[in-house]
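> Sequence first, predicted model second:
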Amino acid sequence: MHDVYVYGVIATSTLVELDGAFPAEAGYGEIAHIHESFGGEAAGGAYVLARLGVATKLSGNRLGSDPDSRRVIELLTEAGVDCSVIATDSPSPVTEIVFSSRDERTVFGTYTRMLTANDWSQPSRDDISSSRIVCLDPFFGDASERAARWCREASIPFVTIDTSPDSDLTRGAEVLIVSEEFASRSVEPIDTLELLARYMQSCHGLVILTRGSQPLLYARSDGQVREFAPYPVKARDTAGAGDSFRAGIIYGMLRDYDDEQLIETASAISAMVCQRVPGVLNSPTEQELEAFLGRDH
């Protein structure tokens with residue numbers, strides 16, 4: 001059995017850690033380390049949740065039968081993620097290469113190819129209805145919308161990311177996390193508070209607007225806007241920051257935390273992940289998280 005059903009993007013990944021700052025165009029960067037890992041918002045969130053002791057089941061796009069795909073499933077399974085329904089029959093599994101420096105990262109991948117080919121499995125209504133919470137990626141069109149509808153019908157809360165203000169997923173989410181980066185590309189230019197207000201008009205649950213190293217904003221449709229400054233850490237790998245933040249929100253929801261505790265917990269997990277390389281692969285255990293937050297006494 002599982003407490004959380006995660007449906008979304010799963011990818012093979014290679015992280016190239018640079019020694020020093022990102023080079024200028026046509027410049028040179030020294031490689032410090034190359035790490036074989038995995039990518040995708042769903043895979044990252046599932047792994048972080050499992051490391052925190054949460055029973056988690058993962059589904060989403062298909063992988064292949066190649067060594068890299070097998071390695072991804074092995075890594076996830078070893079962490080405790082139930083990967084039994086992940087299909088491994090794709091001739092061209094999604095993959096990425098991430099170049100990461102002290103202050104920034106750049107991702108090269110085949111996500112568009114996977115999305116264009118509709119290369120994913122359908123969500124499971126039974127797995128959704130037997131969950132306590134669903135972690136839902138919005139990227140699979142009708143399949144994602146169907147999963148959201150089944151959540152509503154079964155009264156299962158779901159947490160999603162980066163949807164448009166008028167999306168069905170926005171309207172039905174218990175928690176919606178929107179990055180300012182996504183919003184700047186997808187919503188007509190308006191100031192930050194107006195942007196948050198627009199999402200609050202549609203979403204009945206908690207809306208969180210993340211802003212990189214700047215304080216995030218969060219609010220509910222009937223409440224005031226609050227902010228939370230990220231923990232000051234020396235980041236080494238920011239590739240899994242968003243995935244781990246959403247996992248932290250779900251971890252807190254399972255423990256009936258209030259909004260302030262949810263944000264504090266998710267921010268702590270994200271900060272811890274950013275300090276490590278590869279960050280998600282070294283995501284904190286429950287004991288490490290409690291120690292970071294000073295709750296271990």
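Perfect, I can see it now.
> Provide a complete list of residue ranges assigned to strands in the stretch 151-297 of the chain.
158-161, 175-179, 206-211, 214-220, 226-228 (DSSP state E, counting those that start in this stretch).
> Now do the fourth one: everything it contacts.
With C-beta atoms under 8 Å, 6 or more residues apart in numbering as the test, strand 214-220 has contacts from 192-193, 196, 200, 205-211, 225-230, 259, 263, 267. From N, CA and C alone the C-beta is placed, and that goes for glycine too.
> Between its first and last residues, how far does stretch 100-111 reach?
Stretch 100-111 has an end-to-end distance of 19 Å (C-alpha to C-alpha, to the nearest Å).
> show me where pLDDT drops low in the stretch 151-297 of the chain?
By pLDDT under 70, the weakly predicted segments of the stretch 151-297 of the chain are 189, 296-297.
> one more time with 80, if that's ok
By pLDDT under 80, the low-scoring segments of the stretch 151-297 of the chain are 186-190, 235-239, 279, 295-297.
> Helices along that one, start to end?
168-172, 180-186, 192-202, 241-254, 259-274, 286-292 (DSSP state H, counting those that start in this stretch).
> Please name every helix or strand in contact with the fifth one.
To tie it back to what came earlier, the one meant is helix 259-274. If you count contacts as 3 or more C-beta pairs under 8 Å, 6 or more residues apart in numbering; DSSP states H and E, helix 259-274 packs onto strand 206-211, strand 214-220, strand 226-228, helix 241-254, helix 286-292.
> Now do it: distance to the chain's middle.
13 Å (C-alpha atoms, centre = their mean, to the nearest Å).
> What angle do helix 241-254 and it make with each other?
Put simply, helix 259-274 runs at 140 degrees to helix 241-254, going by axes from the mean of the first three to the mean of the last three C-alpha atoms, to 10 degrees.
> Please list the outside residues in contact with the helix or strand hosting Val72.
Using DSSP states H and E, Val72 sits within helix 67-79. Contacts with helix 67-79, where a contact means C-beta under 8 Å, 6+ apart, come from 10-12, 36-38, 43, 46-47, 50-51, 58, 63, 83, 86, 88, 93, 95, 281.
> can you list contacts of whichever strand or helix holds Val6?
Val6 belongs to strand 4-8 when assigned by DSSP H and E. Residues outside strand 4-8 that contact it (C-beta under 8 Å, 6+ apart) are 40-43, 45-46, 49, 54-61, 123-124, 127-128, 130-137, 139-140, 144, 147, 250, 254.
> Make sure Gly64 is actually in contact with Ile86.
No - with contact defined as C-beta atoms under 8 Å, Gly64 does not count as touching Ile86 (10.9 Å).
> can you give me the end-to-end distance of stretch 203-214?
23 Å.
> can you check stretch 10-30 too?
With C-alpha to C-alpha applied, stretch 10-30 spans 29 Å between its terminal residues.
> who are the neighbours in contact with the residue nearest in space to the middle of the chain?
Centroid check for the chain by C-alpha atoms, centre = their mean gives Asp243 as the closest residue, at 2.4 Å. With contact set as C-beta under 8 Å, 6+ apart, Asp243 has these partners: Glu41, Ala43, Gly44, Gly45, Val48, Val280.
> Among these, which one sits closest to Gly20?
Comparing these against Gly20 with C-beta to C-beta places Val280 closest, at 22.8 Å.
> Could you pull up the contacting residues of the closest one?
Ser37, Phe38, Gly44, Tyr47, Val48, Ala239, Gly240, Asp243, Ser244, Val273.
> Which of those sits closest to Phe22?
Among those, Ala239 lies closest to Phe22 (C-beta to C-beta), at 13.7 Å.
> Quick check: the closest one touching Gly39?
Yes - at 7.4 Å, Ala239 and Gly39 qualify as touching, with contact defined as C-beta under 8 Å.
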